[in-house]
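Novice: coordinates for the following, if possible.
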Amino acid sequence: MITPVPLFNYFGFLLDPANWGWSDGSIPQRLVEHLGYTVLAVLIAAAIALPIGLLIGHTNRGAFLAINIGNAGRALPTFGLLSLMVVLMGTGLVPALIALVVLAVPPILASTYAGIRAVDRSAVDAAVGMGMRPTEVLFRAEVPMALPLIMSGLRSSTLQVCATATVAAYVGLGGLGRFLIDGLARNQYDQVFAGAVLVAALAIALDLAGAGLERAVVSPGVRQRGSARRGRRRGARSTDTSTQEAPTASTAG
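Specialist: Numbers count the residues shown, from 1 in each chain. Have a look, this model is predicted:
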C-alpha cells in the first residue's frame, strides 16, 4: 500500500545537486541516454517511412497495403512487442530499437503520404508542363508543398517515441525509464516523480525544437497558403452551421 507523501517531498530528487553532476545514474546522463534512444529510433523510422511515403504518395500505388501495414504496426502494444523481441533476441539495444521504430514508422508514413496527395494537382501539372522529370516533380514541387504535413508526422513520431522510450529500462538499458523502474523497486517516489517530470519536459523541448525546425525548412508561402486554407475551412464550417440554424429559427417562428 502506498503511503501518501506531501507534494513538496516529491521534488527532493530533482532538487538534490548531487543528482545533477555527470556521474553514473545522474540526471544529465539519463537525459542524454533517453535522447539518444529517441533520436536514433526516429532517424531509423524516417529512413524507412519517408521513401515509402513519398513513393506511394507520388505514384498512388501500393497505398492501401502500405497504410494498413503501418496501422497494424501502430496497433501493436510496444511493451508486448519489446517482450517478444527480448524472448527472441535477448536483452540489449536492438530489441528496444525495434519496438520503438515500429511505433515511430506509422505517423511518418501516413503524414508523408497524405502530404504528397494533398498537393494541389494544378501545381504538379504546371511542373510537368515545364518539362520536369518525375523525380524533379516530386522533390522540387510536391515535397516543398507537403513539408508541413511531413514535419507534423515527424514531430508526432518523436513525441510518441520520447514518451515510450522509458521501456528501454526494462531490458537493462539506461534512459529516464531507470528512474521510474528503480524508484518503484525501492519505494523512492521522489525518483519516480523526477523521471515522469523529466520525460514530459524532454518531450516538450523536442516538440518545440521540431516546431522551430519546421519554421526553418517550410517556406513562408507554403505556411501562408496552409493558414489561408485552414481559414477558408473554418469559414465554410461556420457558414454551414448558420445555414442549418436559419431554417430551424424560421420554422420555430
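
Novice: what about V39, how many residues close to it?
Specialist: 15 (other CB atoms under 10 Å). C-beta coordinates here come from the backbone N, C-alpha and C atoms, glycine included.

Novice: show me what the one helix or strand A200 maps to is packed up against.
Specialist: A200 belongs to helix 189-217 when assigned by DSSP states H and E. Judged by 3 or more CB pairs under 8 Å, 6 or more residues apart in numbering; DSSP states H and E, helix 189-217 is in contact with helix 12-15, helix 27-59, helix 143-164, helix 177-186.

Novice: show me how far stretch 136-145 is from its chain's centre.
Specialist: The chain centroid and the centroid of stretch 136-145 are separated by 23 Å under CA atoms, centre = their mean, to the nearest Å.

Novice: show residues contacting it.
Specialist: Counting by CB atoms under 8 Å, 6 or more residues apart in numbering, stretch 136-145 makes contact with 54, 57-58, 115-116, 119-120, 123-124, 126-128, 132, 150, 219, 222, 225, all of which sit outside it.

Novice: that older thread, deepest of the helices and strands packed on helix 189-217, which one?
Specialist: Of all these, helix 143-164 carries the top mean neighbour count, a mean of 21, counting by mean count of other CB atoms under 10 Å.

Novice: now it: average pLDDT?
Specialist: Mean pLDDT, helix 143-164: 93.

Novice: the inter-axis angle of it versus helix 27-59?
Specialist: 140 degrees (axes from the mean of the first three to the mean of the last three CA atoms, to 10 degrees).

Novice: can you dump the C-alpha coordinates of helix 143-164 into PDB?
Specialist: What follows is helix 143-164, C-alpha atoms only, in PDB (Å, rounded to 0.1, in the frame of the first residue of the first chain):
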ATOM      1  CA  VAL A 143       7.800  17.800 -51.300                       C
ATOM      2  CA  PRO A 144       8.200  21.500 -50.600                       C
ATOM      3  CA  MET A 145       4.400  21.900 -50.500                       C
ATOM      4  CA  ALA A 146       3.900  18.700 -48.400                       C
ATOM      5  CA  LEU A 147       6.600  19.700 -45.800                       C
ATOM      6  CA  PRO A 148       4.100  21.000 -43.200                       C
ATOM      7  CA  LEU A 149       2.400  17.600 -43.000                       C
ATOM      8  CA  ILE A 150       5.600  15.700 -43.300                       C
ATOM      9  CA  MET A 151       7.100  17.700 -40.400                       C
ATOM     10  CA  SER A 152       3.900  17.200 -38.400                       C
ATOM     11  CA  GLY A 153       4.300  13.400 -38.700                       C
ATOM     12  CA  LEU A 154       8.000  13.600 -37.700                       C
ATOM     13  CA  ARG A 155       7.000  15.700 -34.600                       C
ATOM     14  CA  SER A 156       4.200  13.300 -33.700                       C
ATOM     15  CA  SER A 157       6.500  10.300 -34.000                       C
ATOM     16  CA  THR A 158       9.200  12.000 -31.900                       C
ATOM     17  CA  LEU A 159       6.800  12.700 -29.100                       C
ATOM     18  CA  GLN A 160       5.500   9.100 -29.100                       C
ATOM     19  CA  VAL A 161       8.900   7.600 -29.100                       C
ATOM     20  CA  CYS A 162      10.200  10.000 -26.400                       C
ATOM     21  CA  ALA A 163       7.300   9.100 -24.100                       C
ATOM     22  CA  THR A 164       7.700   5.400 -24.800                       C
END
